[in-house]
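Engineer: sequence plus the predicted model coming up.
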Amino acid sequence: MLNNMTDEDFYRLRPWVPVELPNGLFVVACNWDPKPLVKGIYPDYEFAKEMADVLNRERGIVRT
């Protein structure tokens with residue numbers, strides 16, 4: 001199955017996750033080679049997690 005996947009298909013499988021920065025703020029990032037994609041800067045983990053869940057739902061990835 002993985003051999004037939006396009007880059008776009010592979011990208012869609014990578015979930016967005018909240019990541020804490022050294023300054024205490026959070027970003028929502030997707031681990032994608034060669035560098036991660038980053039969306040937004042948020043003041044707390046809960047808000048960043050909520051935004052990651054929204055982005056993942058748009059892709060069809062649902063956390064359980």
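Structural biologist: Yes, it's here. Residues are numbered from 1 along each chain as shown.
Engineer: what helices or strands is the lengthiest helix in the chain leaning on?
Structural biologist: For the chain, the helix reaching the highest residue count under DSSP state H is reported as helix 45-59. Here helix 45-59 touches strand 16-20, strand 26-30, strand 37-42, going by 3 or more C-beta pairs under 8 Å, 6 or more residues apart in numbering; DSSP states H and E. Placement of C-beta: from N, CA and C, glycine included.
Engineer: mind listing the residues bridging to K39?
Structural biologist: In this structure, K39 bridges to V28 when assessed by DSSP bridges.
Engineer: what about it, neighbour count?
Structural biologist: Counted with other C-beta atoms under 10 Å, the neighbours of K39 add up to 14.
Engineer: you'd agree it is up against M51?
Structural biologist: Yes: using C-beta atoms under 8 Å, K39 is in contact with M51, at 7.3 Å.
Engineer: who touches both of those two?
Structural biologist: W16, V28 (C-beta atoms under 8 Å, 6 or more residues apart in numbering).
Engineer: any idea of the mean pLDDT in the longest helix of the chain?
Structural biologist: Confidence for helix 45-59, expressed as mean pLDDT, is 92.
Engineer: grab the CA positions of that helix and hand them over as PDB.
Structural biologist: What follows is helix 45-59, C-alpha atoms only, in PDB (Å, rounded to 0.1, in the frame of the first residue of the first chain):
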ATOM      1  CA  TYR A  45      -1.200  23.800  25.300                       C
ATOM      2  CA  GLU A  46      -5.000  23.300  25.400                       C
ATOM      3  CA  PHE A  47      -5.700  25.800  22.700                       C
ATOM      4  CA  ALA A  48      -2.900  24.400  20.500                       C
ATOM      5  CA  LYS A  49      -4.200  20.900  21.000                       C
ATOM      6  CA  GLU A  50      -7.700  22.100  20.000                       C
ATOM      7  CA  MET A  51      -6.300  23.700  16.800                       C
ATOM      8  CA  ALA A  52      -4.300  20.500  16.000                       C
ATOM      9  CA  ASP A  53      -7.500  18.400  16.400                       C
ATOM     10  CA  VAL A  54      -9.300  20.800  14.000                       C
ATOM     11  CA  LEU A  55      -6.600  20.500  11.400                       C
ATOM     12  CA  ASN A  56      -6.500  16.700  11.800                       C
ATOM     13  CA  ARG A  57     -10.300  16.400  11.400                       C
ATOM     14  CA  GLU A  58     -10.000  18.400   8.100                       C
ATOM     15  CA  ARG A  59      -7.700  15.700   6.900                       C
END
